[in-house]
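> Pasted the sequence and its predicted model underneath.
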Amino acid sequence: MKLVRYVLGHAFVLMTFTYNAQAAPEFSSMPLEELMEISIASITKMEIPLKKSPVTAFVISQDEITRKGYRHLTDILKNTPGIHTANLSSTEKAITEIYVRGVFANNKLTVLVDGIKIKPPTGEPVTFLNSIPLLGVKQVEISFGSSSSLYGADAMLATINIVTQSGAAIDGMAVKATMGNFDTGEVQGAAGSKLTEDLTVSLTGSFHRSGTEDFADNYPAEYAGTGPVDLKEQNHNVHFKLNYKDLTLSYYRLFNKNNSSISYSPGAPAFYDYSGAAFWETLNQTVNATYAWDINQFWQAKSSLSYESNELMPQSNYRGFGMVANAAWLSEAMRFIQNVSYQRDKISWLNGIELSFMDSTPKYVVNSPFPNRVETSYQNYAVFSQLDYAWTDDLTLSASLRMDSDSRYTPQFNPRLGFSWQALEPLRLFGAWGTSFLAPSPYLIYETWGSDQDFVYHRPNPQMNPEKLSTYEFGMDISPAKNTILKLLGFYTSAIDIVRIIDNSGTGMANYNGNIASSDIYGMQAIAGQKFDNGLDLNLDYTLTQGEQSAENINDGMVNLTNVPQHMIKGSAAYSLDQLTLRFTGRWFDKVGTHESNMLYAGQAANGALIFDSNIHYGGQLKAAKWSVDAGVDNLFDKKYYTIPQNDNFGSVLPRQPQETRKLYLTLGLSF
C-alpha cells in the first residue's frame, strides 16, 4: 500500500478548472411537486424519488448551488435543517464541528463522492468538511438516520453523497476566481468532454487560501498577551473521472492545512500557539474502479475496487498545554464491493458483499525516543441486503440488514426498517428505525497526547468495542396548496458504548479511552417551503433538540446536552429573475454566549446568536461563453458570539471559543 500511496501522491498535479454552468438544469423554475420526483441514490444505493424516501432527505441541485453562490459543502450544511455547525479550536477535531440532531457527527456520518467513500478509512478525525468544493457537481444528496445496514461503520447519523457531472455533461471548460477579506483567494475550475461515443473524461480542481480575524485585536480582554494570531488555512482539491461504456475510473484528492491550536486558553499563550507554527497538514486520496453491467432486463450488477488513504503529514506540528511536537498518522484501505440488484414491477432488491483490508499507523510523535509508534492491520468482511417493496401504489416498505465481521471484535448486525405511505393526495407519512455502529479507530485505541511526555499519561486500550447507536424517525409531508410543502417530524437517538477518556489523574494512574458513555436525544422539526410564480422562494424550519448524556466525569451520571442548541431556527429567501438571484439566509440558535460588542445581546450569556448571510448572483451570455458574478457576505452584521464550553472542569482553561466573523467575497466565473 505504501508503494501505491507514493505513486498516487506524485502522479497527479493540481488543475484549476471548475464546472460548466452551461450544463446546469434550471431546477429553480421547477414546482415543488416535480422537485419531489428527483431521485436520490444514497439512501438505498438504488435510485428512489424523494417522495418515497422513508427518512428525511434533501437534494441540492447544481442550479441551486450556482444561483445561491454556495462554494463549499459547509455552505450547504449550515443551511440544512437539523444540522448545526460550529468552529472548534483544534484542527485535529475537524475545525468545523458538525452536529446532526444533537449528536457530534464528524466521525459518525458517511461522506461519498459518486457513492464512493472519501472519509479517512480507519476512523481518523475528519478534517476536510469545510474545504470540500462544489465543483462539477450535479447534486448533493443528504439523508438522515442510521445507514450502517448498507455502508457499515460510521454511517450513524447522516449520509452525504456528492454526485458529480460526467465529462459529457460538462462539455467544455470553465474557471471561477474568488477574492475576499482576510486575504482570501480561491480558484476553481473544470474541464470535460465526450471524446468518443463511449468515452468521456472530466477533471475538476480547486485551490483555496484564507485567514481570519485577529483575536488579539478584536478580543483584547480575552486574548491579551497572545501576540500575533496567524490562523491561515490552505487547501487544494483534484477530482478526475473517466467513463468508458460501463467502466468508471476516478481519483479524488484533498489536501488541507490549518492551524491546529486556535485557542482553548485566552490569556495563556504558553498553553496554545497562535503564531501559525502549530498546524495540521492532512491529505486524503481515493482511487476507484467501478464496472456496472446488465445481467438481463431485471438483474444488474456493479463491482467496485477502491484504494483509500488518509495521512497527517510528518511536518505537522501540534502544540498544546505548553508542549510542542511533530505528529503524524497514516491509514490505508483496499476495499472491494460487489452489488447485485433486481428490479421488476414492485420489487427493488439489492444484495452485496464488501471486503476491506486496512492498515493504520495511528498518531505518533515523529522522531520520538519513546516506543509510541504502532502499526496495525485488520480486515472487515460484510454481507448486506436491501429490499424495497411497493405494497400498493401509495405504500412502499423498506427493509435492510448488514453483517460486519471485523478481525478485532465480535460481528455487528445492523438492520433498518422504513415505510412511505401516501395516505391522502396532500398527505404522506414516513418513518424509519435503524441501528448503526462506529468501529473503534486505531487512532483512539493507541492515542497518545501531543508530546513524548504525554505517552506516560495516556495508555492504549486495544479492548475497546464499537460505539452503538439507534435512530427513530416518524414524520409527515403535507401539501396544502400548489408549490407549498410542510414537513413535521419527530426523532429519537439512543447511543451506548460512546468512547470517552477514563480520567485516572486523581489516582496517579494513566488515563485511557474506553466505552463508558451514553446519550439519549429526542426532538422535533417543522419545515415549511413555498415557491411563488414570480420567482420568490421561501423556506423556514425549526428544530427542537433535548436529551441527556453522560457527564464528563462519568461518576456524575447524566447531564444536559452540551455544545448543542436546544432551539434552532433557519430561514431563507431567494428571488430569481432571469439570470439574477438574490439570496438572504438567517440562522438563530441558543446555547451560545455573546460578546459585549454583539449589537443584539450585548454580552449576555447563552441568549443565542442570530447570523445572516447573503449573496447576489448574476449571469450573462457573451457570444459562445457564459459569465457570472457573485457578491456575498457571511455573518452580514458581524455578530460576535462564542460556543459554550463543553465543560468547566478546568476552570478558565476551557473558555468561550469565538465563532465566525464577517467575511466578504467576490467571485467571477467564465465558462465556454
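Thanks, I have it.

> Secondary structure element for R373, which one?
For R373, there is no enclosing helix or strand under DSSP states H and E.

> tell me, how many neighbours does it end up with?
R373 has 16 neighbours, counted by other C-beta atoms under 10 Å. Where C-beta positions appear, they are placed from N, C-alpha and C, glycine not excepted.

> isn't it right up against K363?
No: taking contacts as C-beta atoms under 8 Å, R373 lies outside contact range of K363: 9.6 Å.

> all helices for the stretch 201-350 of the chain, in order.
In the stretch 201-350 of the chain, the segments counted as helices under DSSP state H, counting those that start in this stretch are 215-218.

> Any stretches of it with poor pLDDT?
Counting by pLDDT under 70, the stretch 201-350 of the chain has low-confidence residues at 221-230, 260-276, 319-324.

> quick one: the strands in it?
233-244, 247-259, 279-294, 299-312, 317-320, 323-344, 347-365 (DSSP state E, counting those that start in this stretch).

> Select, out of these, the one closest to Q165.
Evaluated with C-beta to C-beta, these place strand 233-244 nearest to Q165, the distance being 8.8 Å.

> quick one: strands adjacent to that closest one?
strand 199-210 (antiparallel), strand 247-259 (antiparallel) (DSSP bridges).

> Output the ones you listed in a markdown table; the columns should cover mean neighbour count.
Below are the strands paired with strand 233-244 laid out as a markdown table (neighbours: other C-beta atoms under 10 Å):
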| stretch | mean neighbour count |
| --- | --- |
| strand 199-210 | 22 |
| strand 247-259 | 21 |
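
> Out of those strands, which gets nearest to I142?
strand 247-259 (18.9 Å).

> so that closest one versus strand 299-312, what angle?
Inter-element angle recorded for strand 247-259 and strand 299-312: 20 degrees (by axes from the mean of the first three to the mean of the last three C-alpha atoms, to 10 degrees).

> quick one: the helices in the protein?
Applying DSSP state H to the chain gives helices spanning 2-11, 32-35, 62-68, 73-77, 148-151, 167-170, 215-218, 442-445.

> List the contacts of the fourth one.
Contacting residues not belonging to helix 73-77 are listed as 60, 65, 69-70, 83, 85, 96, 98, 129-130, 132-134, 140, 142, 160, 162 [C-beta atoms under 8 Å, 6 or more residues apart in numbering].

> Flag the shaky bits of the chain, pLDDT-wise.
1-37, 88-95, 129, 221-230, 260-276, 319-324, 368-371, 448-457, 592-607, 643-657.

> that older thread, ok, which of the strands of the stretch 201-350 of the chain comes nearest T44?
strand 347-365 (6.8 Å).

> angle of that closest one against strand 323-344?
Going by the same axes, to 10 degrees, strand 347-365 makes 170 degrees with strand 323-344.

> List the buried residues for strand 347-365?
348-350, 352, 354, 356-365 (16 or more other C-beta atoms under 10 Å).

> quick revisit: using TSV, lay out the strands paired with strand 233-244 together with distance to E233.
As requested, the strands paired with strand 233-244 are arranged in TSV below (distance: least, C-beta to C-beta, whole Å):
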stretch	distance to E233
strand 199-210	6
strand 247-259	5
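
> Of all those, which one is nearest A573?
strand 199-210 (27.1 Å).

> From the chain's centroid, how far away is the closest one?
19 Å (C-alpha atoms, centre = their mean, to the nearest Å).

> hang on, the earlier thing: so for M558, which of the strands of the stretch 201-350 of the chain sits nearest?
Going by C-beta to C-beta, the one of the strands of the stretch 201-350 of the chain nearest M558 is strand 317-320, 29.0 Å.

> How about the closest residue in space to V499 that isn't next to it in sequence: which residues does it bridge to?
Nearest residue to V499, sequence neighbours excluded (C-beta to C-beta, 6 or more residues apart in numbering): N513, at 5.3 Å. Counting by DSSP bridges, N513 forms beta bridges with I501.

> show me the contacts for N513.
Here N513 is in contact with L444, I445, E447, N461, M464, V499, R500, I501, I502 (criterion: C-beta under 8 Å, 6+ apart).

> The same query, at a cut-off of 10 Å, please.
440-441, 443-447, 458-461, 464, 499-502 (C-beta atoms under 10 Å, 6 or more residues apart in numbering).

> Filter those down to just the buried residues.
Buried among the contacts of N513 by 16+ other C-beta under 10 Å: 440-441, 443-447, 458, 460-461, 464, 499-502.

> hang on, the earlier thing: and of the strands paired with strand 233-244, who's closest to P314?
For P314, the closest of those is strand 247-259, at 13.4 Å, according to C-beta to C-beta.

> How far off centre is the closest one?
15 Å.

> ok and it relative to strand 279-294, angle-wise?
170 degrees.

> gap between the spatially closest residue to S131 that is not a sequence neighbour and E311?
Among residues not flanking S131 along the chain, N235 sits closest, at 4.1 Å (C-beta to C-beta, 6+ apart). Between N235 and E311 the computed distance is 14 Å (C-beta to C-beta, to the nearest Å).
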